[in-house]
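Got a predicted structure here, sequence first:
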Amino acid sequence: MSNVLKAVEALSPAFAGRLILPSHADYHDARALHNGMIDKKPALVAQCRGAADAADAVALARSLGLDIAVRGGGHNVAGRASVDNGVVVDLSLMRSVMVDPLAKRAWVGGGALWRDFNKETQLYGLASTGGVVSSTGVAGLTLGGGFGWLMPKYGMALDNLKSAKVVLADGRVVFTSADMEPDLFWAIRGGGGNFGVVTQFEFQLHEVGPMVVGGLVAHPFERAREMLRFFRDTCATLPDEVFLVGAMLTAPDGSGAKLCAMGAVHCGPVADGERVLKPIKTWGSPVMDVMGPMPYSASNMMLDGAFPKGARNYWKSRFMTTLTDEAIDTLVDQFASTTSPMNQVVLENFHGAATRVPVADTAFALRSNGFNVAMISEWMDPADDAKNMAWCKGLWTATQKFAAPISYLNYLAADDTALSEAYGPNLERLRKLKKQYDPDNVFRQNMNIQ
């Protein structure tokens, strides 16, 4: 620690951000991530204000032989945004969003959240695919894929990325795009944090909102099998303007009642959205219906309350190219024994523009039509860790026979290690580019490509 202190003292005069050591009054808050289960204790949290700070933080860590973790929004459920006894290159102070409404472009800092992004872009009735929860970080979501309410119409978040500023392992700061460092640009779009610290993103924007049609419709859990079959069949006929999810959850009113629900956003004209989503609103006899016209920015915040910062989280996921009756029955049976009122099973329908991108065009390999099944275990009391993790793992095991051989990178847990599931047929090219851009594997606190 004395070496770290000396290095920090030497760097401090030139560092524009904050260098937070364990002795600092703000250390506990600075090291905390969204997932309350993560309790890592870094030797230094370097809160950067720009690419130069990030380059200095990487150089400091390398000079001391310390591991490096990169924090954007700090939302990654596996806790990859921190590291014990290492250096956290923390971009949380870099939340600027600059919009050119004529060019339909946005330049976004590496620490920005999607709520920051939406607030600025919606001033002009513009948007790009972002997280379904507004507290999600732009950086982590984009580098690992980035599905959201606009995915069927405009592709994944990474499909809308036009350029990026990256701090490499050797300290160089480079711009990458289809024309500049094109191999690196290919790799960061789906390769996660394996290739450097991305301090700025440039996105293509699209005309969306300000009003869309979206929301949630919930039914008694007893109708879950029927509702999920209806959800599956409806997904087969959806236009690109609609992103639809099915879910099983517990009512938020404290009653303990289990529910099944559908959530949707239609990003086209309001009249079209009301017409297209009418069958979802009129199916069955809902116990809750909050689906209708709403601001697009509100649609990206409607699930925020279910994911409070500091809650304890353990997630698994499966991708299913088909949602069979047997798979639905298994999911319903497993959710019936859920161990926490905060637990959820969410089925996210992948279709549209994101699935029409050839697998080899970006490092992101999950380009199939189907259903991403998020198995979300969430609770507040550390005493409940074991039972809730066991429930989630049991659900994951029970659904193994229905799974495709690829998974959504951003949902992988800390104990998921199968690189082929994360990167699919793009893994070998990613390995070659890792050797080129990070031969010493400096950036390894991720789904690490050796």
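Done, it's in.

before we move on, which element is the residue nearest the centre of the chain in?
The chain has L141 as the residue nearest its centroid, 3.7 Å off, counting by C-alpha atoms, centre = their mean. L141 belongs to helix 138-143 when assigned by DSSP states H and E.

which residues touch that helix?
72-73, 75-76, 81, 91, 108, 110-114, 116-117, 130-131, 148, 157-158, 161, 188-193, 198, 201, 410 (C-beta atoms under 8 Å, 6 or more residues apart in numbering). Heads up, the C-betas are built off the backbone N, CA and C, glycines and all.

can you pull the contacts of L150?
Counting by C-beta under 8 Å, 6+ apart, L150 touches A127, S128, T129, G130, H206, V208, F243, V265, C267.

Can you report how many residues neighbour the fourth one?
What that stands for is G130. 27 (other C-beta atoms under 10 Å).

nearest spatial neighbour of it, skipping sequence neighbours?
W114 (4.1 Å; C-beta to C-beta, 6 or more residues apart in numbering).

likewise the first one?
With C-beta to C-beta, 6+ apart as the measure, V208 is the residue that lies nearest to A127, at 3.9 Å, once sequence neighbours are left out.

OK, contacts around the closest residue to A51 other than its chain neighbours?
Spatial nearest neighbour of A51, chain neighbours left out: T199 (4.4 Å); criterion: C-beta to C-beta, 6+ apart. Residues near T199 by C-beta under 8 Å, 6+ apart: C48, G50, A51, A54, L91, M94, G109, G110, K165, V166, V167, V173.

Inside helices: which ones of the contacts of helix 138-143?
Under the assignment DSSP state H, those contribute W114, D116, F117, I188 to helices.

can you pull out the helices in the stretch 151-300 of the chain?
Using DSSP state H, counting those that start in this stretch, the helices of the stretch 151-300 of the chain run over residues 151-154, 182-188, 224-235, 270-282, 296-299.

List the ones among the contacts of L150 that fall in strands.
A127, H206, F243, V265 (DSSP state E).

What is the burial count for the first one?
It stands for A127. Neighbour count for A127, taken as other C-beta under 10 Å: 30.

can you pull the contacts of it?
Contacts of A127 (C-beta under 8 Å, 6+ apart): N118, T121, L150, L205, H206, V208, G209, C267, Y296.

Per the annotation, how does this protein divide into domains?
2-90, 97-208, 211-411 (automatic domain parsing).

Any stretches of the stretch 51-200 of the chain with poor pLDDT?
Within the stretch 51-200 of the chain, not a single segment meets pLDDT under 70.

now do 90
74-78, 131-135 (pLDDT under 90).

just the strands in it please.
Under the criterion DSSP state E, counting those that start in this stretch, strands of the stretch 51-200 of the chain are mapped to 68-71, 87-90, 97-100, 105-109, 126-127, 161-167, 173-177, 197-204.

Just put the ones you listed in JSON lines and tack on distance to V332.
Shown next, in JSON lines, are the strands of the stretch 51-200 of the chain (distance: least, C-beta to C-beta, whole Å):
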{"stretch": "strand 68-71", "distance to V332": "37"}
{"stretch": "strand 87-90", "distance to V332": "41"}
{"stretch": "strand 97-100", "distance to V332": "41"}
{"stretch": "strand 105-109", "distance to V332": "40"}
{"stretch": "strand 126-127", "distance to V332": "34"}
{"stretch": "strand 161-167", "distance to V332": "38"}
{"stretch": "strand 173-177", "distance to V332": "45"}
{"stretch": "strand 197-204", "distance to V332": "38"}
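
Compare those and give me the one nearest D415.
Nearest to D415 among the strands of the stretch 51-200 of the chain is strand 68-71; the distance by C-beta to C-beta comes to 17.4 Å.

Send me the closest one as PDB with only the CA atoms.
Output of strand 68-71 as PDB, limited to C-alpha atoms (Å, rounded to 0.1, in the frame of the first residue of the first chain):
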ATOM      1  CA  ILE A  68      -7.400  -3.200 -13.500                       C
ATOM      2  CA  ALA A  69     -11.200  -3.000 -13.500                       C
ATOM      3  CA  VAL A  70     -13.100  -0.500 -15.500                       C
ATOM      4  CA  ARG A  71     -16.300   1.000 -14.200                       C
END
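
So which bits of it are buried?
Neighbour counts using 16 or more other C-beta atoms under 10 Å place I68, A69, V70, R71 of strand 68-71 among the buried residues.

Hmm, V83 and the second one touching each other?
Yes. In terms of C-beta atoms under 8 Å, A69 counts as a neighbour of V83; the distance is 3.9 Å.

Touching both of the two, which residues are there?
Common contacts of A69 and V83 (C-beta under 8 Å, 6+ apart): P42, Q445.

do you know how far the residue nearest to D67 when sequence neighbours are not counted is from N441?
The shortest distance from D67 to any non-neighbouring residue, by C-beta to C-beta, 6+ apart, is to G86 (3.5 Å). Distance, G86 to N441, by C-beta to C-beta, to the nearest Å: 14 Å.
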